[in-house]
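The amino acid sequence is not available; the structure is as follows:
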């Protein structure tokens, strides 16, 4: 059994807990939280919740610690720190800071003789893998990543900060026309506006100026100004009834040429359609937690990403079984 | 530079030659053929064609030998044999015999201290990878593989063996309704007939009995009897004009559940749309030839499949570069 600890219990931590239940070689041994442990109710019977400070007392009881904090403030500190004591997996997703995060985690892991897998999930994660595989197979080509339809947490937060807004959700939606152009093999140059639209569902405060709210959202720099944005005002009940889920997904498409004179075109497309973004991310992380335990068992210490890990390490099945049944 | 030899020069061998041209760290050093070498014209200037028997004289000039023979008779003998002298990559695709082939190649490689990557391409190959990744992420789910639209060489050959048939091409086509059912997440049980249809374009001999030919094709066991098959009689000119390409492709879809009570559904879909089946297969093989050379350099001898190879081994770029640009 691979003994797993969950460090941080929000949507992602809860998703990890659910994913562990689906993997018979894994066992949840502890959940760590910054909140008062008695206030945190988890789903798994017989498993205790501890304060984060208590983690270091359990280094001999946990094979892999899965970090479920945020990329902005938590993981840059927590992952390198916990990698001094545990094999760790995180879902660090600030793309621009990955090299720095990798270096920090690698340093800890090399000193502690642990394995640290960073940036697991779907983007970074499965989308990254598909960008890599596709670009290696079709070196003369072009990559496109589209996100959605799905809820963007950052953009939903931005809406909620607008004066007069009580609540709101934002969906990122890929533009069908752009997807079709990419799939046609013409390798279009696409602007930000051409690739995605943004759809907002907003609950306003009583008596708020809806026109001003809509204008303020649509013109918000970085978040909405570069996109075609639609704003729908709805009631709180409608928001709860129709927009409580956390769906997401997207497409990674590579279009490339082969042949002596580049006469043949090929389209490689990978897509995800997810009812629950955090649960899918968690499911990918848990598969890599298995790889983490195995790599540690082999003494392959250091920081790793999905690029560094042979696919067979993710599987509960033996090499013989996967060759026989999946190759 | 990775020095590559091509062993067998049909559609696949020619595709390998084209793919090498797109990879600046690779160099074609020799083509080996069972035909009279002077009768084989290749595309790359300054590269010689040799008889297959001469390969063993060039063990010090070739880093990776890519085998381009057929899976029925050539590769079961050639790959284990050449793996005694070279690092090898093949595209062995008789799924049922992969375990045996793997064992034979592994034995040779372990004795010779070489690396042998078998069953590269897209199915087996990229489709296998996607079946594995998706099943590890969504253990509670179901896999579906659809092929096409594309030319099936085996079925085209079968048509041409029917009495009164001068020439013919067969397309395997996935059924849209089945694809849609899978994508909806209902995890349907699909029969062979529900998943694919077969479309045949047939050029008949003068005065042949078209009704009998059509009946014979449609009722042919193993090949057509289990499918809804359509037969179109066309002229030789039409066949050459409209059906000379070797397109193919397909879909690997996994539909799975997550959540404490399996309340959320997820669809992972990987698809290929290929103008040239052999050139795409060759492009995947060449990426794995790079991995083969690197694994050999590290002393990781033995037989491998796509499951055993970390994605970073396929890339010309460094670990830093792929983390920075693709993660």
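Cool, got the structure. Because the structure is predicted, anything quoted here is derived from the model rather than measured. Numbers count the residues shown, from 1 in each chain, chains lettered A, B, ... in the order given.

Where does residue A:201 fall, secondary structure wise?
Residue A:201 belongs to strand A:196-204 when assigned by DSSP states H and E.

Strand partners (parallel or antiparallel) of that strand?
On the basis of DSSP bridges, the sheet neighbours of strand A:196-204 come out as strand A:165-174 (antiparallel), strand A:228-233 (parallel).

List the contacts of the closest residue to residue A:326 other than its chain neighbours.
Leaving out its chain neighbours, the residue that sits closest to residue A:326 by CB to CB, 6 or more residues apart in numbering or on different chains is residue B:131, at 4.6 Å. Glycine gets a C-beta too; all of them are placed from N, C-alpha and C. The neighbourhood of residue B:131, defined by CB atoms under 8 Å, 6 or more residues apart in numbering or on different chains, consists of A:326, B:143, B:145, B:252, B:254.

Can you tell me which of these are buried?
Buried residues within the contacts of residue B:131, counting neighbours by 16 or more other CB atoms under 10 Å in any protein chain shown: A:326, B:143, B:145, B:252, B:254.

Residue A:214: which of the residues you listed is nearest?
residue B:254 (40.3 Å; CB to CB).

Could you check how far the closest one is from chain A?
As judged by CB to the nearest CB, to the nearest Å, residue B:254 and chain A stand 10 Å apart.

is the longest helix seen in chain A up against chain B anywhere?
With DSSP state H applied, the helix covering the greatest number of residues in chain A is identified as helix A:277-297. Yes. Looking at helix A:277-297 against chain B by CB under 8 Å from any CB of the partner chain, the contacts come from A:279-280, A:282-284, A:287, A:290.

And for stretch A:90-109?
Yes. Figure legend: stretch A:90-109 in contact with chain B (CB under 8 Å from any CB); contacting residues A:95, A:98-99, A:102.

Helices of the stretch 51-200 of chain A, start to end?
Counting by DSSP state H, counting those that start in this stretch, the stretch 51-200 of chain A has helices at residues A:75-82, A:98-112, A:126-137, A:153-160, A:176-183, A:192-195.

List the buried residues for the second one?
Meaning helix A:98-112. Neighbour count says helix A:98-112 has A:98, A:101-102, A:104-109, A:112 buried, by 16+ other CB under 10 Å.

Now tell me what touches that helix from outside.
Counting by CB under 8 Å, 6+ apart, helix A:98-112 makes contact with A:75-76, A:79-81, A:83-85, A:88, A:92, A:94, A:114-116, A:118-119, A:124, A:301-303, A:305, B:320, B:323-324, B:327, all of which sit outside it.

wouldn't residue A:151 be in contact with residue A:239 here?
No. Between residue A:151 and residue A:239 no contact is recorded; they are 11.8 Å apart, counting by CB atoms under 8 Å.

what touches both of those two?
residue A:169.

Next one: the most centrally placed residue in chain A from residue B:232, what distance?
Ranked by distance to the mean C-alpha position of chain A (CA atoms, centre = their mean), the top residue is residue A:121 at 4.1 Å. Residue A:121 sits 48 Å away from residue B:232, going by CB to CB, to the nearest Å.

same question, residue A:268
The span separating residue A:268 from residue B:232 equals 30 Å under the rule CB to CB.

Contacts only, for the residue of the stretch 1-150 of chain A found nearest chain B.
Closest residue of the stretch 1-150 of chain A to chain B, CB to the nearest CB: residue A:136 (4.0 Å). Contact analysis of residue A:136 by CB under 8 Å, 6+ apart lists B:287, B:290, B:311, B:314-316.

which pair in those spans the largest distance?
The most distant members of the contacts of residue A:136, if one measures by CB to CB, are B:311 and B:316, lying 12.8 Å apart.

quick one, which of those two is more surrounded?
Comparing residue B:311 with residue B:316 by other CB atoms under 10 Å in any protein chain shown, the one with more neighbours is residue B:311, at 25 against 15.

Double-check that one against residue A:133; I have them as touching.
Yes. Here residue B:311 reaches residue A:133: they are 6.1 Å apart, a contact under CB under 8 Å.

Just put the buried residues of helix A:98-112 in CSV and tack on pLDDT.
Conversion of the buried residues of helix A:98-112 to CSV gives the following (pLDDT from 0 to 100):
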residue, pLDDT
A:98, 96
A:101, 98
A:102, 98
A:104, 98
A:105, 98
A:106, 98
A:107, 98
A:108, 98
A:109, 98
A:112, 98
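
neighbours of the nearest residue to residue A:142 once chain neighbours are set aside, just the number please.
Closest residue to residue A:142 in three dimensions, ignoring its sequence neighbours and counting by CB to CB, 6+ apart: residue A:187, at 4.8 Å. Residues near residue A:187, counting by other CB under 10 Å, number 15.

what's the answer for the one 4 residues further on, then?
Other residues within reach of residue A:191, judged by other CB under 10 Å, total 10.

and if you look at residue A:219?
A count of nearby residues for residue A:219, using other CB under 10 Å, gives 11.
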